[in-house]
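Novice: Mind looking at a prediction? Sequence and model below.
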Amino acid sequence: MSLSATQHDVHDLNKRIQAYLRAHAQRRIDHERCGPFVAGFDGESDNPFLNYAIPDDDATPQASDIAALIATFARRRRKPRLEYICEAAPRVEAALTAQGFAIEKRYPILICAPAQARDLPMAKGFALERTRSDLEIIAASVALAEAYGQNTPHPDPAIRMVAAGGVMVLARDTASGEVAGAGMATVPHEGVCEVAGIGVRAAYRRRGIAGALTGRIAREAFARGATLAWLTPGDEGPERIYVRAGFARASEQLHISLAEMQFGA
């Protein structure tokens, strides 16, 4: 797919990514259809980035649909929250804000096709390896928890993802054997996969590791049959790295959640 897409192509692209998001939610052990939404939940963590809903394409949710969605999250003691492609469901945002939801952030969507993926150099003394055992995934998850300032790693979702056909790549300090950073590409849905979770421990940053991981992860995903990879950069710094690895801006993802939520005892 060319990155210089027509308006029709961009519309199709947005719906392909939205379909991926819904399929990813439905792969969760705990997921639920709630009116025009599909919600996926992580039973081990209340991290909001692991618990969210996705609307159907061109959905027009009513107040009763949104109330039911809020109740679905409340039963699991999770904050009602959505992540979705705005252009694929343009009427959802206004319906949510009318019911008390507040925008967290709008993230650019970056995409990469197989012909655009590029390998980037990193400092000497590091090697990239695709994880081949649960122990390596656990070590990568520990590194990612530290990279993102989290107290507790959660390797089980990554173990399940890799077992289902996803990809996890780690960067290793060849002198010490320590995992310096890692990242992953999720199980594709109709050729679409997400490159996610790229993180580097603070002691190893500014050595080109994040960029090298991005390019290698994308190539590993394409080698396994993916035809489109996408990601959401946290800010402009990572975005510049991803662009060098072959990704380009194509769309926008909205993160939105209920502004106030109190759970009962």
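Specialist: Nice, thanks for sending it over.
Novice: What strand or helix carries the residue nearest the centre of the chain?
Specialist: For the chain, the residue nearest the mean C-alpha position is residue 196 (4.7 Å; Cα atoms, centre = their mean). In the assignment (DSSP states H and E), residue 196 maps to strand 192-200.
Novice: Please tell me how far the residue nearest to residue 63 when sequence neighbours are not counted sits from residue 111.
Specialist: What sits nearest to residue 63 in space, not counting adjacent residues and going by Cβ to Cβ, 6 or more residues apart in numbering, is residue 99, at 6.2 Å. (Each C-beta comes from the backbone N, C-alpha and C, glycine too.) Counting by Cβ to Cβ, to the nearest Å, the gap from residue 99 to residue 111 is 31 Å.
Novice: Looking at the two, which is more packed in?
Specialist: Neighbours of residue 99 and residue 111, each counted by other Cβ atoms under 10 Å, are more numerous for residue 111; the result is 23 against 16.
Novice: doesn't residue 111 make contact with residue 250?
Specialist: Yes - proximity of residue 250 to residue 111 meets the contact threshold set by Cβ atoms under 8 Å, at 4.6 Å.
Novice: quick check: domain ranges of this structure?
Specialist: Recorded structural domains for the chain (assignment: automatic domain parsing) are 7-108+253-258, 114-226.
Novice: What average pLDDT does the longest one get?
Specialist: This predicted structure assigns domain 114-226 an average pLDDT of 96.
Novice: now it, how far from the centre of its chain.
Specialist: Distance of domain 114-226 from the chain centroid (Cα atoms, centre = their mean, to the nearest Å) equals 13 Å.
Novice: From the opening residue of that domain to its closing one, how far?
Specialist: In terms of Cα to Cα, to the nearest Å, the two terminal residues of domain 114-226 are separated by 8 Å.
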